[in-house]
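# Just a sequence and a predicted model for now, questions to come.
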Amino acid sequence: MRINRINVYTVQLPTKGGAYKMASTEVHSLDSTLVEVVTDDGITGWGETCPVGPVYQPHHALGARAAIAEIAPGLIGESTQSPRLLAKRMDERLNGHNYAKAAFDIACLDLIGQRLGVPVSTLLGGALTDRVPSYYSLIVGSPDETARIAADKVKAGYPRLQIKIGGRNLEKDAATVHKVWEAVGLKASIAVDGNRGLSVPSALHLDRLCQNIPFVFEQPCNSMEENATLRGRLTHPIYLDESTEDLNAVLRAISSGIADGFGFKVTRLGGLTKMMTARDMCSIRSLPHTCDDAWGGDVIAAACVHLAATVDPRRFDGAWIAQEYIEGHYDNTNPVVIENGHIAVPQRPGLGVKPEAGVFGVPVASY
Ligand code: 0XW
Ligand code: MG
């Protein structure tokens, strides 16, 4: 039950079908970091963290590995029975860097689940469903092409679409939202994601230009303060994503009424243990949210889906996983897959996914 060895791996996840484009950045290949935590009773747990490039949020792949190098040596010999104790040990070695610590939190829950013979969703309070909705993220693109893809994805079963906007002419953004709405209407719910790319005046204009289209406006502007100034001036509800840098930011956004909902990222908040707190704070105020991560393969996808299964479906906006934009799986026997816009919750003990032996090559570091 004590940590005997930690292996760190990296894997490149090239984006399928060209660049993934957002307001302030486009990415072509993502650098994911995995931790394999081996205990003295011979069980192996996995964790993953994969920033979507170095610009999306103040996280980057090399930063994750540097933080892991700082933390990992101190975890050898530690018990894996308590994710909270592990968090304390990590905080004693490094301040902040939640997105790197998240990988160990996920691996610890994977270990406990396997040892107890229960899925991670049970450790997170218990699943309310065995299948969760996902959503399709439409990258910044031309109005017609975006509307065409939107219609296809709704036909494929996605109950929700996220339209990326920003970083270009406002008219094009407005035209894209209108075209998607004409193509799908009420067959899907819509989020319009500015990814911090709009000024307050542009956000106000876009809101007016799309007044009769029901959507939630996700992270239109950069800072929490800018988004707060939109409160009461928009027709559309505001969701925060990138601004929820930690649990304190979530608490601030909820208590001051800045956000009507959230796009949560498991690693940004520090892992599944911290995400439970965010989930429960939202539940107190009946706030809807997603369970996503910025990017990553089957390990992070499984983590998102286990947490997603524990959220009240009436307030759940979907689990985004990168599957539509990456090739292949780490675990071809029990992969995490989107089918008809939904994802089956893994039922096997722990995360329910195990990267195949040798799939990441040799470790880049071992402790
Ligand atoms: C759609 N996502 C979950 C994937 C990319 O990391 C961006 C992100 C978002 O909502 O901003
Ligand atoms: Mg977002």
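Good, I have the coordinates. Residues are numbered from 1 along each chain as shown. Ligands and ions are numbered 1, 2, ... in the order given.
# all helices in the stretch 101-250 of the chain, in order from the N-terminus.
120-123, 143-155, 170-184, 200-209, 224-229, 247-255 (DSSP state H, counting those that start in this stretch).
# same check, this time on the stretch 251-367 of the chain
Secondary structure of the stretch 251-367 of the chain by DSSP H, counting those that start in this stretch: the helices cover 266-269, 272-284, 298-308.
# Distance to Asn7 and mean neighbour count added to these, as TSV?
(C-beta placed from N, C-alpha, C; glycine too.) Below are the helices of the stretch 251-367 of the chain laid out as TSV (distance: least, Cβ to Cβ, whole Å; neighbours: other Cβ atoms under 10 Å):
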stretch	distance to Asn7	mean neighbour count
helix 266-269	19	28
helix 272-284	21	20
helix 298-308	13	30
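# Mind checking these for the one nearest to Val35?
Among the helices of the stretch 251-367 of the chain, helix 298-308 comes nearest to Val35, with 9.2 Å by Cβ to Cβ.
# circling back to that earlier point, tell me which of the helices of the stretch 251-367 of the chain sits nearest to ligand 2.
helix 266-269 (10.9 Å; Cβ to the ion).
# Could you find the residue nearest the spatial middle of the chain?
With distances taken as Cα atoms, centre = their mean, the residue of the chain nearest its centroid is Asp293 (1.6 Å).
# ok, that one to ligand 2 distance?
11 Å (Cβ to the ion, to the nearest Å).
# which residues touch that residue?
Residues in contact with Asp293, defined by Cβ atoms under 8 Å, 6 or more residues apart in numbering, are Cys50, Lys265, Val266, Thr267, Ile300, Ala301, Ala303, Cys304, Trp320, Ile321, Ala322.
# Of those, which is the nearest to Val37?
Using Cβ to Cβ, those come closest to Val37 at Ala303, 14.0 Å.
# Am I right that that closest one is in contact with Leu272?
Yes. At 5.8 Å, Ala303 counts as touching Leu272 under the criterion of Cβ atoms under 8 Å.
# Find residues that contact each of the two.
Ile106, Val120, Val266.
# need the helices of the stretch 251-367 of the chain in CSV with distance to Val37, can you?
Output for the helices of the stretch 251-367 of the chain, formatted as CSV (distance: least, Cβ to Cβ, whole Å):
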stretch, distance to Val37
helix 266-269, 16
helix 272-284, 15
helix 298-308, 12
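# got the ones you listed as JSON lines, with mean pLDDT and distance to ligand 1 columns?
Below are the helices of the stretch 251-367 of the chain laid out as JSON lines (pLDDT from 0 to 100; distance: least, Cβ to the nearest ligand atom, whole Å):
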{"stretch": "helix 266-269", "mean pLDDT": "98", "distance to ligand 1": "10"}
{"stretch": "helix 272-284", "mean pLDDT": "98", "distance to ligand 1": "14"}
{"stretch": "helix 298-308", "mean pLDDT": "98", "distance to ligand 1": "10"}
